[in-house]
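Enquirer: Here is my input; please provide its structure:
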Amino acid sequence: MPLPRLIGRFNRRVTNPILWPIVARLPGSGFGRILNVGRRTGRTYRTPMLGFRHADTIVFALTYGPGAHWVRNVLAAGVCDFELRRATLHLVEPRLFHDPKRRGVPPIVRPVLWALGVDDFLRMRVVAEPGSGSVGP
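Expert: Now for the predicted structure:
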């Protein structure tokens, strides 16, 4: 069961603004922000996320479930950018998948996701890296 939306609202208004300046500076941590465009508003949103890189793909654990607004925005657009500490990756081909064994994330993260009841994920392919002329969503 994903985290309740009330926790999401609290994180968006309180936790994220406090923690983002800290986690954004952690080298090689995988913490970044998903840049996605609202389906109805056309506004660009930045959602803090932890991404797990596997060759040419990145996997995101959907702690608020596959119905989260950012997930729906990315699925509708088919693309997004992932801002990391020193790079912005252009991602395409979003694919939702359900994995109760949580094989798409490192073993150290699996117990935490199990405790939170998270077994839905989003996988995207990296098509552009820094210096390759990628353009935001």
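Enquirer: ranges for the helices of this structure?
Expert: Counting by DSSP state H, the chain has these helices, from start to end: 5-10, 16-23, 69-77, 110-116.
Enquirer: Ile34 against Trp70, yeah?
Expert: Yes: using Cβ atoms under 8 Å, Ile34 makes contact with Trp70 at a distance of 5.8 Å. Glycine gets a C-beta too; all of them are placed from N, C-alpha and C.
Enquirer: Next, show the common contact partners of those two.
Expert: Thr47 (Cβ atoms under 8 Å, 6 or more residues apart in numbering).
Enquirer: neighbour count winner among the two?
Expert: Between Ile34 and Trp70, counted using other Cβ atoms under 10 Å, the more crowded position is Ile34 (24 against 20).
Enquirer: what pLDDT does that one get?
Expert: In this prediction, Ile34 carries a pLDDT score of 91.
Enquirer: what's near enough to touch it?
Expert: Arg46, Thr47, Met49, Phe60, Trp70, Val74, Cys80, Asp81, Phe82 are the contacts of Ile34 under Cβ under 8 Å, 6+ apart.
Enquirer: Between those residues, which sits nearest Gly30?
Expert: Met49 (8.8 Å; Cβ to Cβ).
Enquirer: For the closest one, name its beta-bridge partners.
Expert: As for beta bridges, Met49 partners with Gly32 under DSSP bridges.
Enquirer: With the one 10 residues further on instead?
Expert: With DSSP bridges as the criterion, the beta-bridge partners of Val59 are Phe52, Arg123.
Enquirer: how far away is it from Met49?
Expert: According to Cβ to Cβ, to the nearest Å, Val59 and Met49 sit 11 Å apart.
Enquirer: what's the answer for Pro100, then?
Expert: Counting by Cβ to Cβ, the gap from Pro100 to Met49 is 21 Å.
Enquirer: Among those two, which residue is more densely surrounded?
Expert: When Pro100 and Met49 are compared for neighbours, Met49 comes out ahead with 19 against 8, by other Cβ under 10 Å.
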